[in-house]
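J.: Sequence plus predicted model, see below.
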Amino acid sequence: MDNYTSAPEDEYDVLIVDDMSNYKTAQCDQYNTRSLSAHLVPPLYTTVFIAGLLGNVLAVLILVKYKGLKHVENIYFLNLAFANLCFLLTLLFWAYTVSQEGILENPFCKILIALYSIGLYSEAFFNALLTVQRYVVFLHVKSSAWAGKVRCGAVTSVLTWGTVILVILPECMFYKPQVESQTYQCFFSRPHFLPADETFWKYFLTLKMNILGFLFPLFAFVFCYVQMRKTLRLRGKQRDLFKLVFAIMVAFLLMWGPYNIALFLSTFKEHFSLHDCKSNYDLDKSVHVLKIIAATHCCVNPFLCVFLDKEFGKHLCRLRHLCDDAPLQPEDSAQEAPREEGECSTDM
């Protein structure tokens, strides 16, 4: 059976790194991913896992126990935390497979790839939803859907998770462990009922990753914030929430963007005349290093909340019993003008 895209030599990457080299590139020195992975990935991923697990679990507790889920943005922040937790669960296993030279048996292959894909795409989609929700509130659009608050957030969240499941079906169905070099590795195995052109599937998976995982949230971010900057009239807590959502989206784009670009160039290198020895080596190295950096993003959001959301920091102190037992001031200040009935809350 034809196959391509191996892991864990490619770490957690469930997309594609082209290994169908022609005669000329076969004579070139290939970049050795194991030399860096064996020393860097296990300690780095273990540290990121501990920090990310602690931060995202605390974020979930604060959102549920103190902030509540009565506003759309809080529901989206909660879903972002769950998306990060899904991705975090894969890091220890990928670190283990690297240290054990690629041992990955069934059903862990499908489970890890499913969690990886769910975490990545759900974070991209909920980042886009948060940005659009801020844009709608900013323009005071009082449609019945957005005025529903909890109902609005719950319905859009369910639809988003359903969309994510549909998006990751190819990875869940077609990846399976196979024996190579006396170890189990995770390969994309083309079923017999699908077209035999491996190049098609290589292009398909890369374009899906680039369009849904990067260009879609990037377009939502650029469009919404350009429109809001034209008539910027934010103040108080609304400005703080604007900054928090802005920072979360920028962090996601900056950490996953370079990897998506490198992966795109690596997949379509023949179309960009990048198939010579030096270009192949540089692209393989770039994809490998950038995806390690991108994987660390799953622990970033809780730190942004601590530094940019004052209320989050206060609730964190309260949760850890570091502050007085006196109740915190309500998030809705009595000095602020009351919100209109149809407008979503800006407290986060």
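T.: Looks like it came in fine.
J.: Quick check: which ranges of the stretch 201-348 of the chain have low pLDDT?
T.: 230-238, 320-348 (pLDDT under 70).
J.: run the last query once more with 50
T.: Scanning the stretch 201-348 of the chain for pLDDT under 50 picks out 324-348.
J.: just the stretch 51-200 of the chain next, same as before
T.: Across the stretch 51-200 of the chain (using pLDDT under 50), the flagged ranges come out as 142-145, 147, 177-184.
J.: And the helices in it?
T.: Counting by DSSP state H, counting those that start in this stretch, the stretch 51-200 of the chain has these helices, from start to end: 72-99, 108-138, 144-147, 150-167, 169-174, 198-210.
J.: Give me the angle between the last one and helix 108-138.
T.: In other words, helix 198-210. Between helix 198-210 and helix 108-138, the angle formed by their directions is 40 degrees, by axes from the mean of the first three to the mean of the last three Cα atoms, to 10 degrees.
J.: again, but for the first one
T.: With the same axes, to 10 degrees applied, the angle from helix 72-99 to helix 108-138 works out at 150 degrees.
J.: And helix 72-99, what does it pack against?
T.: Contact partners of helix 72-99 among helices and strands, from 3 or more Cβ pairs under 8 Å, 6 or more residues apart in numbering; DSSP states H and E: helix 33-62, helix 108-138, helix 150-167, helix 236-267, helix 301-308. C-beta here means a position set from N, CA and C on the backbone, and glycine is covered the same way.
J.: Now render the helices of the stretch 51-200 of the chain as CSV, adding distance to Thr267 and mean neighbour count.
T.: Below are the helices of the stretch 51-200 of the chain laid out as CSV (distance: least, Cβ to Cβ, whole Å; neighbours: other Cβ atoms under 10 Å):
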stretch, distance to Thr267, mean neighbour count
helix 72-99, 21, 23
helix 108-138, 17, 23
helix 144-147, 38, 14
helix 150-167, 18, 16
helix 169-174, 15, 15
helix 198-210, 4, 17
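J.: For the closest residue in space to Leu92 that isn't next to it in sequence, grab the count of nearby residues.
T.: Nearest non-adjacent residue to Leu92, counting by Cβ to Cβ, 6 or more residues apart in numbering: Phe49, 5.3 Å away. When neighbours are counted by other Cβ atoms under 10 Å, Phe49 registers 21.
J.: Test my guess that Phe49 contacts Phe93.
T.: No - contact criterion Cβ atoms under 8 Å: Phe49 and Phe93 do not qualify, at 9.9 Å.
J.: would you turn the helices of the stretch 51-200 of the chain into TSV with distance to Tyr225?
T.: Listed next are those as TSV, based on distance: least, Cβ to Cβ, whole Å:
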stretch	distance to Tyr225
helix 72-99	16
helix 108-138	7
helix 144-147	18
helix 150-167	20
helix 169-174	31
helix 198-210	21
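J.: which one of those helices lies closest to Glu311?
T.: helix 72-99 (11.1 Å; Cβ to Cβ).
J.: coming back round to it: ok, which of the helices of the stretch 51-200 of the chain comes nearest Trp256?
T.: helix 108-138 (7.9 Å).
J.: and of the helices of the stretch 51-200 of the chain, who's closest to Asp276?
T.: Of all these, helix 198-210 comes closest under Cβ to Cβ, at 19.4 Å.
J.: From the contact counts, what lies against the closest one?
T.: Secondary-structure packing of helix 198-210 (3+ Cβ pairs under 8 Å, 6+ apart): strand 3-4, helix 169-174, helix 236-267.
J.: quick one, which of the ones you listed is packed in tightest?
T.: Comparing the helices and strands packed on helix 198-210 by mean neighbour count (mean count of other Cβ atoms under 10 Å), helix 236-267 comes out on top with a mean of 19.
J.: Could you name the helices and strands sitting against the helix or strand following that one?
T.: On the C-terminal side of helix 236-267, the closest following helix or strand by DSSP states H and E is helix 277-295. With contacts defined as 3+ Cβ pairs under 8 Å, 6+ apart, the packing partners of helix 277-295 are helix 23-26, helix 33-62, helix 236-267.
J.: Dump those helices to CSV, plus distance to His297.
T.: Shown next, in CSV, are the helices and strands packed on helix 277-295 (distance: least, Cβ to Cβ, whole Å):
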stretch, distance to His297
helix 23-26, 31
helix 33-62, 9
helix 236-267, 4
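J.: And those: which comes nearest Ala220?
T.: Using Cβ to Cβ as the measure, helix 236-267 is the one of the helices and strands packed on helix 277-295 that comes nearest Ala220, at 8.4 Å.
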